[in-house]
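Peer 1: Structure for the following, please:
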Amino acid sequence: MLAQCWNAPFLTLDDVTYIAHDPRLREDAAWAETLQHRSGYPFYYPATLLSWRIDRAVWSTVLEPVAGKNAWAAGVRTTNLLLHLGAALFVWLILRRLGAGAALAGFSTAAFALHPVACETVCWAVERKNALAACLGLAALWRYMSARALWHHTLAALLFALALLSKPSALGIFAIVAAWEALGRPALSNSSPAPQEPFAKRWRSVALRLLPWVVLAGAGTALGFVMHAENLLKPPGGTAWTALLTDVEILWRYARNFFWPAGLSAYYCVQPIVSLADPRLWGFGALLAALVAGTIFAARAEARCLSLFAWLWFLGALGTNLNLVGINDLMHDRFVYLSAPGFWLAIGLALEGAATRLALRERLPDSASAICIGSLALVLGAASFTRGGNFSLAAKLFEEAVAKEPGSSYARIFLAADYKTLANHKLKKGESQEAERIFALSFESLKAGVHAPDFDRFLHRARAHADLAVAFQQRGAAEEAVEQARNSLAADRDPDAWADAHQILGLAALKRNDLNAALSEFDAAIRLAPQVHSIHMNRARTLLLFYSFWKTEGDETKARAALMEAARSLRVIVPADEAYGDAQSLLHLPELQGVTSP
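Peer 2: You can find the predicted model right below:
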């Protein structure tokens with residue numbers, strides 16, 4: 001998985017923002033600061049933050065001789081892989097606890113560990129939260145299932161709490177535990193389940209065992225709602241009902257990607273299903289029902305309850321990612337990471353049942369199972385090697401996503417942002433022709449992203465519209481720039497984006513010689529983003545035009561006031577700003593000589 005991306009730099013999307021540039025992870029930051037909530041930061045994963053800080057302390061020194069300046073990024077990915085291997089170990093232990101033989105446990109564990117759907121969790125540095133939550137959560141699940149003493153249950157609850165502090169989606173572990181208890185702790189006959197108790201007593205003891213988990217799950221849910229409040233959207237289609245309808249397609253697409261991973265992507269476009277008359281509901285629903293019913297029927301009679309549990313694991317582990325609570329992304333490979341063991345257990349039980357009916361164990365040599373599992377491992381390993389390479393560069397990852405999911409606004413807009421960064425880099429190196437070509441690609445990708453069918457779920461719509469407005473303005477398309485600027489102001493509140501939008505509208509007003517409207521727009525932009533000096537420059541130019549107007553009108557008082565305001569705007573611009581030279585040139589105009597700003 002990591003062979004082609006291990007020592008790559010942090011990806012420009014998320015990795016840089018949430019790891020490399022997080023002040024809590026600085027080498028000189030106090031360790032206690034690492035666990036503090038950062039104002040304006042939408043996510044709070046203290047266990048994950050602490051693990052990144054430990055990575056920096058350990059790997060930055062150890063790996064520097066081989067990874068150079070990317071030692072920290074390589075170290076984060078190394079730890080992700082170690083956590084993934086730990087998760088695979090706990091999957092093996094859980095399956096053995098459930099009575100799975102070596103062949104069944106080996107098949108399911110190998111499929112979980114080597115399938116390319118895990119690449120997003122392992123190769124994307126920022127997805128440490130997913131790897132850590134899964135490893136701790138699976139450890140908690142194994143400890144709970146194997147508990148024989150009170151301290152075992154205490155340790156299981158502690159591990160579950162740490163998983164929740166790594167990522168709230170670890171709530172799915174509670175759903176797995178609850179399903180296992182509700183079905184009477186299903187296991188194959190060669191396992192050693194706890195002795196069965198009378199129904200009434202069993203449910204009282206189950207309630208007591210689950211009480212700490214219920215409390216922790218409630219606390220984790222509350223924390224998740226508080227931390228994600230600003231990012232919550234309506235469920236797909238607008239209601240919980242339409243979310244459930246849409247989940248039918250999503251669940252089938254997850255299953256399909258397990259069987260045929262060629263469609264894996266960093267982002268997916270999912271159009272909500274809002275009606276029972278939608279043929280997708282019946283088509284995907286029939287396929288999904290056939291898969292679930294077929295695997296349960298194919299399993300041996302004594303294994304069917306466990307097969308049902310496996311499918312409940314697959315479903316329950318998705319937990320918060322089933323879209324009943326609206327989030328911006330309806331589908332991701334990382335969402336199904338914790339569900340994968342349940343899926344492969346269900347498939348493994350079906351294959352085992354079919355092999356028993358066909359008497360394949362009697363017909364084939366004892367080594368057949370090992371050969372089949374080894375072959376599966378080679379195929380999945382090769383697929384993961386290929387997919388892992390896409391995580392070496394953000395542009396490569398998003399280009400693949402655009403090719404596979406052209407309707408995804410996230411894929412297109414993030415690709416546009418990465419192209420823009422690359423173009424600016426080329427421009428600094430003096431490669432202006434190549435920079436212009438990449439700027440054009442960025443513009444087209446951004447334009448397509450804003451018009452993508454799932455753009456209504458893009459969290460930063462105001463920013464995207466404002467960026468597109470600026471791009472249109474630079475290309476001389478004033479009408480389109482104004483339209484996008486107005487769209488930005490009608491979208492989600494984003495002060496910096498709105499400042500850009502007001503500035504575009506101000507420039508458009510200047511072009512039609514509406515000085516009052518221009519000044520009003522620039523003033524609005526400054527109130528939102530006073531640190532953007534280009535706005536002060538445009539405001540000063542507008543005021544100088546006002547000076548000329550009032551001078552022509554013979555109103556010296558208003559002309560003098562306009563000059564003083566212009567001087568005030570120009571003097572805000574500091575030497576470090578690229579507009580400083582232009583500001584100083586204006587301040588040296590004869591009209592502004594000796595003018596004192598108010």
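Peer 1: which outside residues touch the helix or strand of the chain with the lowest mean pLDDT?
Peer 2: Sorted by mean pLDDT, DSSP states H and E, the helices and strands of the chain end with helix 360-363, the least confident at a mean of 74. Under the criterion CB atoms under 8 Å, 6 or more residues apart in numbering, residues 355, 368 lie in contact with helix 360-363. (Each C-beta comes from the backbone N, C-alpha and C, glycine too.)
Peer 1: now it, how far from the chain's geometric center?
Peer 2: Between the centre of helix 360-363 and the centre of its chain there are 46 Å (CA atoms, centre = their mean, to the nearest Å).
Peer 1: what comes up buried for the next helix or strand after that helix?
Peer 2: Using DSSP states H and E, the helix or strand that follows helix 360-363 in sequence is helix 368-388. For helix 368-388, burial by neighbour count (16 or more other CB atoms under 10 Å) applies to 369, 372, 373, 376, 377, 380, 381, 383, 384, 385, 387, 388.
Peer 1: and which of those is nearest residue 9?
Peer 2: Comparing the buried residues of helix 368-388 against residue 9 with CB to CB places residue 388 closest, at 15.4 Å.
Peer 1: Which residues are in contact with the residue nearest to the closest one when sequence neighbours are not counted?
Peer 2: Closest residue to residue 388 apart from its sequence neighbours, by CB to CB, 6 or more residues apart in numbering: residue 1 at 4.3 Å. Residues near residue 1 by CB under 8 Å, 6+ apart: 81, 116, 118, 119, 122, 123, 384, 385, 387, 388.
Peer 1: Redo those as CSV? Include pLDDT.
Peer 2: Listed next are the contacts of residue 1 as CSV, based on pLDDT from 0 to 100:
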residue, pLDDT
81, 97
116, 97
118, 96
119, 96
122, 96
123, 96
384, 95
385, 95
387, 95
388, 95
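Peer 1: Out of the residues you listed, which is nearest to residue 315?
Peer 2: Distance to residue 315 across the contacts of residue 1 (CB to CB) is lowest for residue 118, with 19.1 Å.
Peer 1: Give me the neighbour count for the closest one.
Peer 2: Residues contacting residue 118 under the criterion other CB atoms under 10 Å number 30.
Peer 1: first to last residue in stretch 144-156, what's the distance?
Peer 2: When the termini of stretch 144-156 are compared using CA to CA, to the nearest Å, they are 5 Å apart.
Peer 1: Show me the contact partners of that stretch.
Peer 2: 93, 94, 97, 98, 140, 141, 143, 177, 180, 185, 209, 212.
Peer 1: shaky segments in the chain?
Peer 2: Residue ranges of the chain with pLDDT under 70: 40, 42, 190-200, 593-598.
Peer 1: Which parts of the lengthiest helix in it count as buried, going by neighbours?
Peer 2: Longest helix in the chain, counting residues (DSSP state H): helix 199-227. For helix 199-227, the neighbour count (16+ other CB under 10 Å) marks 206, 209, 210, 212, 213, 216, 217, 220, 221, 224, 227 as buried.
Peer 1: So which elements touch the helix or strand hosting residue 32?
Peer 2: According to DSSP H and E, residue 32 maps onto helix 31-34. When contacts are defined as 3 or more CB pairs under 8 Å, 6 or more residues apart in numbering; DSSP states H and E, helix 31-34 packs onto helix 46-62.
Peer 1: Who are the packing partners of the helix it packs on?
Peer 2: With contacts taken as 3+ CB pairs under 8 Å, 6+ apart, helix 46-62 sits against helix 31-34, helix 71-97, helix 128-145, helix 150-166.
Peer 1: TSV for the ones you listed, including distance to residue 255 and mean neighbour count?
Peer 2: What follows is those, written out as TSV (distance: least, CB to CB, whole Å; neighbours: other CB atoms under 10 Å):
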stretch	distance to residue 255	mean neighbour count
helix 31-34	39	13
helix 71-97	18	22
helix 128-145	19	26
helix 150-166	25	20
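Peer 1: so can I have CSV of those helices showing distance to residue 272?
Peer 2: As requested, the helices and strands packed on helix 46-62 are exported to CSV (distance: least, CB to CB, whole Å):
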stretch, distance to residue 272
helix 31-34, 39
helix 71-97, 32
helix 128-145, 25
helix 150-166, 29
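Peer 1: between those, which gets nearest to residue 11?
Peer 2: Residue 11 lies closest, by CB to CB, to one member of those: helix 71-97, at 8.7 Å.
Peer 1: Would you agree residue 257 is in contact with residue 250?
Peer 2: No. Using CB atoms under 8 Å, residue 257 is not in contact with residue 250; the gap is 10.6 Å.
Peer 1: And the two? Which one has more around it.
Peer 2: Neighbours per residue, other CB under 10 Å: of residue 257 and residue 250, the larger number sits with residue 250, 23 against 20.
Peer 1: now the strands for this protein?
Peer 2: Counting by DSSP state E, the chain has no strands at all.
Peer 1: related to what we said a few turns ago, quick one: which of the buried residues of helix 199-227 is nearest residue 297?
Peer 2: For the buried residues of helix 199-227, the closest approach to residue 297 (CB to CB) belongs to residue 206, at 28.7 Å.
Peer 1: coming back round to it: want to try a markdown table for the buried residues of helix 368-388, with distance to residue 305 as columns?
Peer 2: Converted to a markdown table, the buried residues of helix 368-388 look like this (distance: CB to CB, whole Å):
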| residue | distance to residue 305 |
| --- | --- |
| 369 | 23 |
| 372 | 26 |
| 373 | 25 |
| 376 | 26 |
| 377 | 29 |
| 380 | 28 |
| 381 | 33 |
| 383 | 32 |
| 384 | 32 |
| 385 | 38 |
| 387 | 35 |
| 388 | 37 |
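Peer 1: didn't residue 391 look like it was pressed against residue 126?
Peer 2: No. With contact defined as CB under 8 Å, residue 391 does not reach residue 126; the gap is 10.7 Å.
Peer 1: May I see the buried residues of the least confident helix or strand of the chain?
Peer 2: Within helix 360-363, no residue is scored as buried using 16+ other CB under 10 Å.
Peer 1: How about stretch 22-33?
Peer 2: By 16+ other CB under 10 Å, the buried positions in stretch 22-33 come out as 22, 24, 25.
Peer 1: Could I get the CA-only coordinates of that stretch as CSV?
Peer 2: Backbone C-alpha positions of stretch 22-33 (Å, rounded to 0.1, in the frame of the first residue of the first chain) are rendered in CSV as follows:
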residue,chain,number,x,y,z
ASP,A,22,-1.7,22.8,13.1
PRO,A,23,0.0,25.0,15.8
ARG,A,24,-0.8,22.4,18.4
LEU,A,25,1.6,20.0,16.7
ARG,A,26,4.6,22.3,16.6
GLU,A,27,7.8,20.8,18.0
ASP,A,28,8.0,23.6,20.5
ALA,A,29,4.3,23.4,21.5
ALA,A,30,3.5,22.3,25.1
TRP,A,31,2.2,18.7,25.1
ALA,A,32,-0.9,19.9,27.0
GLU,A,33,-1.6,22.3,24.2
